[in-house]
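Undergrad: Need the 3D shape of this:
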Amino acid sequence: MNDNFHEQLITKKQKGNPLVIRIIVVVFIILFLTIGALFLGFLSIIIAVVLGVTAYFYIFPNLSVEYEYSLVNHELDITAIYSKSKRKELCSFDIKEAEMIAPKGSSKLASFKPVKTCDYTSGEGNAAIYSIIIFLNQQMYNILIEPDEKMIAEIRPWMGSKFSQF
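TA: Predicted coordinates for the structure are as follows:
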């Protein structure tokens, strides 16, 4: 069987320094605990524990995000990996159903008016970003990805005139 398979990992540029953000959150919780103990007593301990658990499960994992593109034949799966441990599937679609694939900012994309834009890129300024215009759930989406040359070479034969290099 001749299945095409390509996998690519993109590390999202972090906004700010994650270590500094972690330190600020921990210092805030400790300050809340010490100052809150004067006014709230034992209740401040419970609130500080809830804040700590919330930070541990919701803030800290989102400081390190990677996107994984898996292209199997013409099926593209995009998954987010948080803190190199937790995976969440973001979207999956048949690349042949795309209306257009072109570099971000291309004039060929001007006629499309997507309802929602999903950015699954690193956020680097000099990266080669491609827009995939596709209907998902009866709405037009603009999905932004950073494919490497091998992925582009695998997508191009399926798309024909719907794929633009310019």
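Undergrad: In space, what's closest to M151 - neighbours in sequence excluded?
TA: Among residues not flanking M151 along the chain, H6 sits closest, at 5.2 Å (Cβ to Cβ, 6 or more residues apart in numbering). Any C-beta I mention is one placed from the backbone N, CA and C, and that applies to glycine too.
Undergrad: doesn't Y130 make contact with K108?
TA: No - taking contacts as Cβ atoms under 8 Å, K108 lies outside contact range of Y130: 11.6 Å.
Undergrad: more crowded one of the two?
TA: Between K108 and Y130, counting by other Cβ atoms under 10 Å, Y130 is the more crowded of the two (21 against 16).
Undergrad: Phi first, then psi, for the more buried one.
TA: Backbone dihedrals for Y130, given as degrees, to the nearest 10, come out at phi -110, psi 140.
Undergrad: Tell me how far the closest residue to Q14 other than its chain neighbours lies from R22.
TA: For Q14, the nearest residue in space outside its immediate sequence neighbours is L63; the separation is 6.5 Å by Cβ to Cβ, 6+ apart. Using Cβ to Cβ, to the nearest Å, we find L63 at a distance of 7 Å from R22.
Undergrad: With Y56 instead?
TA: Noted for Y56: a distance of 10 Å to R22, by Cβ to Cβ.
Undergrad: Which strand or helix spans the residue nearest to M151?
TA: Following DSSP states H and E, the helix or strand that holds H6 is strand 5-11.
Undergrad: Neighbouring strands - and their directions - for that strand?
TA: On the basis of DSSP bridges, the sheet neighbours of strand 5-11 come out as strand 65-72 (antiparallel).
Undergrad: Mind listing what's buried along the strand it pairs with?
TA: Residues of strand 65-72 classed as buried by neighbour count (16 or more other Cβ atoms under 10 Å): V65, E66, Y67, E68, Y69, S70, L71.
Undergrad: Over to stretch 114-125?
TA: For stretch 114-125, the neighbour count (16+ other Cβ under 10 Å) marks P114, C118, Y120, T121, S122 as buried.
Undergrad: Just the residues contacting that stretch, thanks.
TA: With contacts defined as Cβ atoms under 8 Å, 6 or more residues apart in numbering, stretch 114-125 is touched by 10-13, 67, 69, 78, 80, 90-91, 127, 129, 133, 139-146.
Undergrad: That stretch spans what distance, first to last residue?
TA: For stretch 114-125, the separation between the terminal residues is 23 Å (Cα to Cα, to the nearest Å).
Undergrad: How far away from the center of its chain is that stretch?
TA: Relative to its parent chain, stretch 114-125 has a centroid offset of 8 Å by Cα atoms, centre = their mean, to the nearest Å.
Undergrad: Thank you, goodbye.
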